[in-house]
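**Q** Would you be able to build a 3D model of this:
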Amino acid sequence: MERALRGTRALFGKYGAWLVPVAIGAVACLLVTGGVMLWPGHVAWLVRGDLAQSYLGWAFYRNAAWTWPPGADPLYGVGLHASVYYTDSIPVLALLFKLLASWLPTPFQYFGLWVAACFVLQALFAWRLLGLATSSNVVRSLGLVFFVLAPPMLLRLGGHMALVGHWIVLASIYLYLRPDKQRHVACWSLLLAVAFMVHAYLFAIAASIWIADMVQRYGRARDAAVTSSAVRRRRCLFECATVGSVCAFAAWLAGFFMISSHGLQAQGFGYYKMNVLAPVNGAGWSWFGFNFPLAPGEDEGFNYLGLGGMLLVVSAIVLRLMRRDRPAQTRMTWPLVAAVVILALAAVTPNVGVGAMQWHMPLPEKVWAKLSSIPLQSSGRLFWAAYYLVLLAAIFVVLRALSWRGQVLLLSGAVLLQCLDLHASFFSMRAMLVDRTAQSLPGLHGAFWDAAGARYRTLRRVPFGYSDGYALAPLAFYANSHHMGTDVVQLGRMDYGRLLSLSGQVQSALLADQLDPATLYILDDRELSVARAATDAHRSALFQLDGWNVLAPGWTGPLPSGAVDLRRGDAVPTPFARPFQSGFAAHSTGRLLLGDGWNALDAARDATTLSDTASLFVPAGSGGALQVVLSLHRNSNSRSAARQVDLWAGGRRIASCHTDNDSCRRWVFTIPATAQVSGFRKLQLRASEPSSVLHITLDAVSVQ
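**A** Sure thing, here's the model as predicted:
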């Protein structure tokens, strides 16, 4: 018995200090979240907005067959080359739990477990960082509060589960500051690979600090003059190659390379930024009223220190000015400071906001064009490194300047102020999370939906459109419950060219009545007119059920109970009656007639071609000859645009026009009669010259 007690005391003496941060992190998680999200079977709180995107990305990925790369998600975003990386489903966990999918209950979510792990890891790395300045467990415990209850981290509980992983930022700072530099290549490789498979913004911050750490270590080796410059360069190149290879492999595993570099571009830099006053702007979180106005988009740069955190920073500044001694190891910390300053400047962006005042830095138009399309559009998040480094530096100054009693008194007062300032927001966050767990799962229920789920393998929405939060969630949850693939998706990034190509192919199939028999189509109200005119009532059912317009290929039996027949006597007037005339502006009837090869989804653009061929459908109604008048012009911004355009119908060329003269402005031709009767006739525009591209814009069409 005595031996067992001695062993227990020895074990606690060795690992007991680790139990303190683990306990603090776990308690903080339970206090803020109420623990409601921790149970893996509770998924109701994940049905809205970005949370639904993350959960559905995982849920579809779980049901999909393994493919290459392993992170590919062929069921969520059918035909779009989607992956769990672009659904923000925390790929490192998605890959792990997919391996265990056959043993997991249904439904299952790991996001609550991730949140709990983030709180604990945040506490552990903050504990290690504070241990660089003090060995007092009391002081370290008080300092932990500012890290485990950091408002920028807690804000992400409302919608970005991957971004709760602020512990990655703390781990990066710790790897830089730790005195023991053993196994640094392995440590950085592991951390950066995990960061990449969690979220791109966390990886960007961690990678910046890794570069600073390399600069620091190279400078130390040069000053020590232990090795030659050639050896130092070889070591640096080896580290870059090793870390880069590990990160590239992690990116491949997660499906990062499934989207081209063009698809990674975004349009938000300078909008989703940080206001200069963000560290002292509670933005609704401050009970003491530290709230200042923000410009639209600046909520992404929320980085409130809290009243207690501000007290620490001000105290550190005063104590530092009073002592006036030179800080130790300044030379070795400047690379970290430089990296953090650069990240902070990127967070502010050239669109500088100071409270309600906004100043647009005058930059060349080409520079702005480059900046506006960089992938890291929500740049306000890049301040997180500066946020934690400022807190850490303030605590270090306080610990160095005050006695143990003074440290405890100041930190205790700061913790008290911090909790008073943020307590209302903590309770509000907890109430919101608890309320979300009481929601019911969206979906489609009934005899038809169950039968359709067993019959069809894909659910498509025509036209394609991003899932707008809760409105389209029933479709995605329904498809997942029946292991169907779907294009009703939300994705962080998408290959826009592939999206336009897929959308055109689906529209062509609808106009030509060549529907996929294994696909169930959900149409918007404008596409109903196309389906009525194009599809054969004997081969597909068209009806409205539970508020959704359904086109069911091969469904020839009675309509479901409660369904409204949308073909009913074809009493609804068609917009495609001849004589027909339309332009191709946004939301015009002509847009509905564009098949593959067009940029038809973007309402802000004209109907322009994407490749050397493009399909156009014209109302037919019978197999007789049609007289068609087209108006088109060559795009002025393309030197390689075709000067002669050929028109093909029924497998042969029937007309040509030249864009250098007026023959394309009013292009008149006749489509021969055909024995095949359908609602629309397919025309194909092609570039005559083999080396040219069909860069044209359609203006108008008329059919007699």
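**Q** contacts, neighbours, all on C-alpha from now
**A** Will do.
**Q** And stretch 644-655, what's buried?
**A** 644, 645, 646, 647, 648, 649, 655 (16 or more other Cα atoms under 10 Å).
**Q** If you could redo that for stretch 614-634, that was the one I meant.
**A** Buried residues in stretch 614-634, counted by 16+ other Cα under 10 Å: 614-623, 626, 628-634.
**Q** Filter these down to the ones in strands?
**A** 614-619, 626, 628-634 (DSSP state E).
**Q** how about the helices in the stretch 1-150 of the chain?
**A** In the stretch 1-150 of the chain, helices defined by DSSP state H, counting those that start in this stretch lie at 2-33, 49-63, 91-99, 111-130, 137-148, listed in chain order.
**Q** how long is stretch 527-542 end to end?
**A** 11 Å (Cα to Cα, to the nearest Å).
**Q** Among the buried residues of stretch 644-655, show me the least confident.
**A** Among these, residue 644 carries the lowest pLDDT, at 88.
**Q** What sits closest to that one if chain neighbours are left out?
**A** residue 658 (4.5 Å; Cα to Cα, 6 or more residues apart in numbering).
**Q** In contact with that neighbour, which residues?
**A** For residue 658, the contact set (Cα atoms under 8 Å, 6 or more residues apart in numbering) comprises 643, 644, 645, 664.
**Q** you'd agree the first one is up against residue 660?
**A** Going back to what we said before, that points to residue 643. Yes - with contact defined as Cα atoms under 8 Å, residue 643 and residue 660 form a contacting pair (6.2 Å).
**Q** So between the two, which is more surrounded?
**A** Neighbours per residue (other Cα atoms under 10 Å) separate residue 643 from residue 660, with residue 643 holding more: 21 against 12.
**Q** That one: what's its closest spatial neighbour, skipping adjacent residues?
**A** Nearest to residue 643 is residue 659, by Cα to Cα, 6+ apart, at 5.1 Å.
**Q** what's the answer for residue 613, then?
**A** Spatially, and ignoring its direct neighbours in sequence, residue 613 is nearest to residue 686 (4.6 Å; Cα to Cα, 6+ apart).
**Q** Wait, the one you found touches residue 643, no?
**A** No - between residue 686 and residue 643 there is no contact under Cα under 8 Å: 10.9 Å.
**Q** Can you find the helix or strand in this protein with the smallest mean pLDDT?
**A** Here the helix or strand of the chain ranked lowest by mean pLDDT, DSSP states H and E is helix 2-33, holding a mean of 75.
**Q** now the protein, which segments are flagged as low pLDDT?
**A** Applying pLDDT under 70 to the chain flags the ranges 1-16, 223-226, 261-264, 324-331, 465-470, 569-572, 603-604, 637-640, 677, 691.
**Q** how does it divide up, domain by domain?
**A** Per automatic domain parsing, the domain ranges recorded for the chain read 259-412, 447-570, 580-703.
**Q** got CSV for those, with distance to residue 81 too?
**A** Formatted as CSV, the domains of the chain follow (distance: least, Cα to Cα, whole Å):
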stretch, distance to residue 81
domain 259-412, 7
domain 447-570, 8
domain 580-703, 18
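**Q** so which of those gets nearest residue 61?
**A** domain 447-570 (9.7 Å; Cα to Cα).
**Q** most packed of the helices of the stretch 1-150 of the chain?
**A** helix 49-63 (a mean of 25; mean count of other Cα atoms under 10 Å).
**Q** Work out the gap between it and the centre of the chain.
**A** Put simply, helix 49-63 sits 12 Å off its chain's centre (Cα atoms, centre = their mean, to the nearest Å).
**Q** got it, and stretch 139-155?
**A** For stretch 139-155, the distance to the chain centre is 26 Å (Cα atoms, centre = their mean).
**Q** same deal with stretch 114-129?
**A** Distance of stretch 114-129 from the chain centroid (Cα atoms, centre = their mean) equals 24 Å.
**Q** which residues are in contact with that stretch?
**A** 18, 21-26, 28-29, 38, 140-141, 144, 147-148, 161, 164-167, 170-171, 174, 177, 392.
**Q** try 6 Å this time
**A** Stretch 114-129 is contacted from outside by 21, 22, 25, 26, 148, 165, 167, 170, 171, 174, using Cα atoms under 6 Å, 6 or more residues apart in numbering.
**Q** Run the angle between the helix or strand hosting the residue nearest to residue 613 and strand 626-634 for me.
**A** Taking DSSP states H and E as the definition, one finds residue 686 inside strand 680-687. Angle, strand 680-687 to strand 626-634, by axes from the mean of the first three to the mean of the last three Cα atoms, to 10 degrees: 30 degrees.
**Q** Just confirm residue 347 is within a strand.
**A** No - secondary structure of residue 347 (DSSP: H, G, I helix; E, B strand; the rest coil): helix, not part of a strand.
**Q** measure the residue lying closest to residue 28 once chain neighbours are set aside to residue 131 for me?
**A** Spatial nearest neighbour of residue 28, chain neighbours left out: residue 148 (6.8 Å); criterion: Cα to Cα, 6+ apart. For residue 148, the distance to residue 131 (Cα to Cα) stands at 16 Å.
**Q** what are the ranges of the strands in the stretch 151-300 of the chain?
**A** In the stretch 151-300 of the chain, no strands are defined using DSSP state E, counting those that start in this stretch.
**Q** any chance you could map the helices in it?
**A** 151-155, 167-177, 184-196, 200-224, 229-254.
**Q** Which residues belonging to whichever helix or strand comes after the last one are considered buried?
**A** In the C-terminal direction, the helix or strand that comes right after helix 229-254 (DSSP H and E) is helix 306-323. Within helix 306-323, the residues scored as buried using 16+ other Cα under 10 Å are 306, 307, 308, 309, 310, 311, 312, 313, 315, 316, 319, 320.
**Q** so what does helix 306-323 touch, helix or strand wise?
**A** Using 3 or more Cα pairs under 6 Å, 6 or more residues apart in numbering; DSSP states H and E, the elements in contact with helix 306-323 are helix 384-401, helix 404-437.
**Q** Need the CA coordinates for it. PDB is fine.
**A** Provided in PDB are the C-alpha atoms of helix 306-323 (Å, rounded to 0.1, in the frame of the first residue of the first chain):
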ATOM      1  CA  GLY A 306     -11.100  42.400 -23.000                       C
ATOM      2  CA  LEU A 307     -10.800  44.900 -20.200                       C
ATOM      3  CA  GLY A 308      -8.500  42.600 -18.200                       C
ATOM      4  CA  GLY A 309      -6.300  42.100 -21.200                       C
ATOM      5  CA  MET A 310      -6.100  45.900 -21.800                       C
ATOM      6  CA  LEU A 311      -5.200  46.300 -18.100                       C
ATOM      7  CA  LEU A 312      -2.300  43.900 -18.500                       C
ATOM      8  CA  VAL A 313      -1.000  45.700 -21.700                       C
ATOM      9  CA  VAL A 314      -1.200  49.100 -20.100                       C
ATOM     10  CA  SER A 315       0.500  47.800 -16.900                       C
ATOM     11  CA  ALA A 316       3.300  46.200 -18.900                       C
ATOM     12  CA  ILE A 317       3.900  49.500 -20.800                       C
ATOM     13  CA  VAL A 318       4.100  51.500 -17.600                       C
ATOM     14  CA  LEU A 319       6.300  48.900 -15.900                       C
ATOM     15  CA  ARG A 320       8.600  48.800 -18.900                       C
ATOM     16  CA  LEU A 321       9.000  52.600 -19.000                       C
ATOM     17  CA  MET A 322       9.700  52.600 -15.300                       C
ATOM     18  CA  ARG A 323      12.500  50.000 -15.500                       C
END
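**Q** relative orientation of it and helix 404-437 in degrees?
**A** Using the same axes, to 10 degrees: helix 306-323 against helix 404-437 is 160 degrees.
**Q** which residues touch residue 294?
**A** When contacts are counted by Cα under 6 Å, 6+ apart, residue 294 touches residue 356.
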